[in-house]
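Q: Any chance you could fold what I've pasted below:
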Amino acid sequence: MRTLVACPFCREMFEPGEATKCPECDIPLKRLEELPKTTVVAVDVEAEIPPDEETLPWTYAGRGRGALVAVGLAGMAAFFMPWATMLRPEHQTLSGYQFAGYLGWMWAPFISWMVLLPLVISRRCIYKMRGARVAVAFLCAMVVMTVGVRIGFPPRGTALDPINLEWRPGIWVTAALGVVGLVLAMRFGGRGDDLASAKQKRPDGEVLH
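A: Numbering: from 1, shown residues only. The predicted structure follows:
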């Protein structure tokens, strides 16, 4: 049985005795079974990867990724800012963390930011960013709803022991970050009609990881 020979680089095959070198690559031909089966030309692999599935660097901040990370970090910091000052029955300033100590559901903003950060950071291709829009929007909506319920239904106390609260910057900053996060979530990953292969934008010689 005749064994075909092939070019180690371009893999063009020839009949035995047809040629000794590849006419295109000028490389000596080898028997087909002698060539490593895992040999793949990197350029061909890059060409087959859709632009929206190319792996981006961990530090990539475009298409809303960096902005959402910044919002998440700011939201976690705002949780420890003053949210309200209690004027009656005693004078006391409460942060989001202290509110959560009294009411368990007030942990929702902090937990939402904690979940949002790894969710956004782990999305390293445009396809996955766009696929995470609903999840990111849900987490930001949880922040907005929690703040809305707290402001809309503040503790009143009783007629004999009323509770008066004065809202502080922390709660407004948290609400604003939640709204900003919602807007960014809807645009996370950018538009789908402006995708260009990273290979076209990458300098010569830079390797795709």
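Q: For the chain, just list every one of the helices.
A: Under the criterion DSSP state H, helices of the chain are mapped to 42-48, 65-78, 96-102, 108-121, 126-131, 133-152, 169-186, 198-201.
Q: separation between residue 151 and residue 145?
A: 11 Å (CB to CB, to the nearest Å). C-beta here means a position set from N, CA and C on the backbone, and glycine is covered the same way.
Q: do residue 99 as well
A: As judged by CB to CB, residue 99 and residue 145 stand 15 Å apart.
Q: The two: who's more crowded?
A: Neighbour totals were compared for residue 99 and residue 145, and residue 99 leads with 20 against 14 (other CB atoms under 10 Å).
Q: Just list the residues touching the more buried one, thanks.
A: By CB atoms under 8 Å, 6 or more residues apart in numbering, the contact set of residue 99 is 83-84, 106, 150.
Q: do that again at 10 Å, thanks
A: Residue 99 sits next to 79, 83-84, 105-107, 109, 146, 150, 170-171 when contact means CB atoms under 10 Å, 6 or more residues apart in numbering.
Q: would you turn those residues into a markdown table with pLDDT?
A: Shown next, in a markdown table, are the contacts of residue 99 (pLDDT from 0 to 100):
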| residue | pLDDT |
| --- | --- |
| 79 | 98 |
| 83 | 95 |
| 84 | 94 |
| 105 | 95 |
| 106 | 95 |
| 107 | 97 |
| 109 | 97 |
| 146 | 97 |
| 150 | 93 |
| 170 | 96 |
| 171 | 96 |
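Q: which of those count as buried?
A: Neighbour counting with 16 or more other CB atoms under 10 Å marks 79, 83-84, 106-107, 109, 146, 150, 170-171 as buried within the contacts of residue 99.
Q: Farthest-apart pair in those residues, please.
A: With CB to CB as the measure, no two of the buried ones among the contacts of residue 99 lie farther apart than 84 and 107, at 16.2 Å.
Q: What distance do you get for the most centrally placed residue in the chain to residue 178?
A: In the chain, the centroid-proximal residue (CA atoms, centre = their mean) is residue 120; its distance is 2.5 Å. Separation of residue 120 from residue 178 (CB to CB) stands at 15 Å.
Q: Mind putting the contacts of residue 99 into a markdown table with distance to residue 33?
A: As requested, the contacts of residue 99 are exported to a markdown table (distance: CB to CB, whole Å):
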| residue | distance to residue 33 |
| --- | --- |
| 79 | 64 |
| 83 | 72 |
| 84 | 76 |
| 105 | 67 |
| 106 | 68 |
| 107 | 63 |
| 109 | 63 |
| 146 | 65 |
| 150 | 72 |
| 170 | 70 |
| 171 | 71 |
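Q: of those residues, closest to residue 162?
A: Nearest member of these to residue 162, counting by CB to CB, is residue 84, at 14.8 Å.
Q: give the contact list for the closest one.
A: So residue 84 contacts 92-96, 98-99, 150-151, 154-155, 165-168, 170-171 (CB under 10 Å, 6+ apart).
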